[in-house]
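In: Predicted model follows, preceded by the sequence.
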Amino acid sequence: MITLEDYISNPMGKGNNVVPAMFRETQKKDYDVRFHNLMVREHGKLQYYVYRDNDNNLWFIHIKVPSETVKEFYYDVVFKFYADEKIKNGGRSLNNWYVQFYSNDPAWVYTYSYAYTQKDMIIKELSSKMDKVAMTTPSKEKNPTNMINFSKIIFFGYIFLKERGLLNTLALGSAEPYNLRALLANIEQADIKITKRQEEGKHVSHRKKIDVDTNTLRRINRIGVSGEASDRLRVHRTGNVGKVKKVSAVNKVKTVKGSKRKW
């Protein structure tokens, strides 16, 4: 079992330095920039759903996280928070609760679902929505050592929760009573989602993109490029040359009636 705080600090567990701390911090900064660029495209709004199981002291937060490359295409990302006698009720901050995950993002399914299952980090209630082969078969190509590293889609979900204040149970007062049937009905089967993503991907250019600033882009457009050089200079996002305002400063958390929210 692992708490969310421990997972964000080091998903492989305390004291495990197979992935150096410096690399983990670089990875987190990269995901942070990419997420905020993505949120600009989404106008700072994502749909999410909150469920509370009072009888068993559980929280489920389900987020529709957008694809970086396919517009208007969303993956299901679910966090399950639970506690036991060791951490009592976990307190108000869900950072201190044990956590399990689910996603139907192909990168997570084929790289981490088996490894997360082996470490009891996958949400068992949602196993019917998983790709059974990926969940029970080691990922020899993408993750041959069964490493529990950061997953981009999970980290995107974490940033959203953190910046919307949704890791404090006081902000979740409008949570719906936990209903597994309702939760499952709003999540697409992993293999179906992956097939749809493959179909959508056929319409997206696979040319490699690089990050340049606005002045460089203007210069490229002024002098003109062609052929292979043109393919290399397809530019869409600012990367580390321009700061993106964090959307949390624009959209404040507020209580909304019902379980579905989009902000």
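Out: The structure has been received and is ready for your questions. Residues are numbered from 1 along each chain as shown.
In: Helices along the stretch 101-250 of the chain, start to end?
Out: Ranges of helices within the stretch 101-250 of the chain are 106-118, 132-136, 152-163, 180-185, 190-201, 214-223, 227-232, based on DSSP state H, counting those that start in this stretch.
In: State the paired neighbours of the helix or strand containing Ile61 in the sheet, together with their directions.
Out: Taking DSSP states H and E as the definition, one finds Ile61 inside strand 58-66. Strand 58-66 has the following strand partners under DSSP bridges: strand 47-53 (antiparallel), strand 74-82 (antiparallel).
In: where does Ser93 fall, phi/psi-wise?
Out: Backbone geometry at Ser93, expressed as degrees, to the nearest 10, gives phi -90, psi 120.
In: any idea how far it is from Ile63?
Out: Taking CB to CB, to the nearest Å as the measure, Ser93 falls 18 Å from Ile63. All C-beta spots, glycine's among them, are computed from the backbone N, C-alpha and C.
In: ok, and which of the strands paired with strand 58-66 has the densest surroundings?
Out: Of all the strands paired with strand 58-66, strand 74-82 has the most neighbours on average by mean count of other CB atoms under 10 Å, namely a mean of 23.
In: Okay, now the unreliable bits of the stretch 151-263 of the chain?
Out: By pLDDT under 70, the weakly predicted segments of the stretch 151-263 of the chain are 203-263.
In: Just send the helices of the stretch 101-250 of the chain back as a markdown table, with distance to Asp30 and mean neighbour count too.
Out: Output for the helices of the stretch 101-250 of the chain, formatted as a markdown table (distance: least, CB to CB, whole Å; neighbours: other CB atoms under 10 Å):
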| stretch | distance to Asp30 | mean neighbour count |
| --- | --- | --- |
| helix 106-118 | 15 | 21 |
| helix 132-136 | 25 | 15 |
| helix 152-163 | 9 | 22 |
| helix 180-185 | 31 | 13 |
| helix 190-201 | 22 | 16 |
| helix 214-223 | 20 | 11 |
| helix 227-232 | 21 | 10 |
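In: Which one of these lies nearest to Trp97?
Out: Comparison of the helices of the stretch 101-250 of the chain against Trp97 by CB to CB identifies helix 152-163 as nearest, at 12.0 Å.
In: and that closest one, what does it pack onto?
Out: Helix 152-163 is packed against helix 21-41, strand 58-66, strand 74-82, strand 98-103, helix 106-118, with contacts defined by 3 or more CB pairs under 8 Å, 6 or more residues apart in numbering; DSSP states H and E.
In: For stretch 92-105, what is the distance to the chain centroid?
Out: Between the mean C-alpha location of stretch 92-105 and the chain-wide mean there is a distance of 11 Å, by CA atoms, centre = their mean, to the nearest Å.
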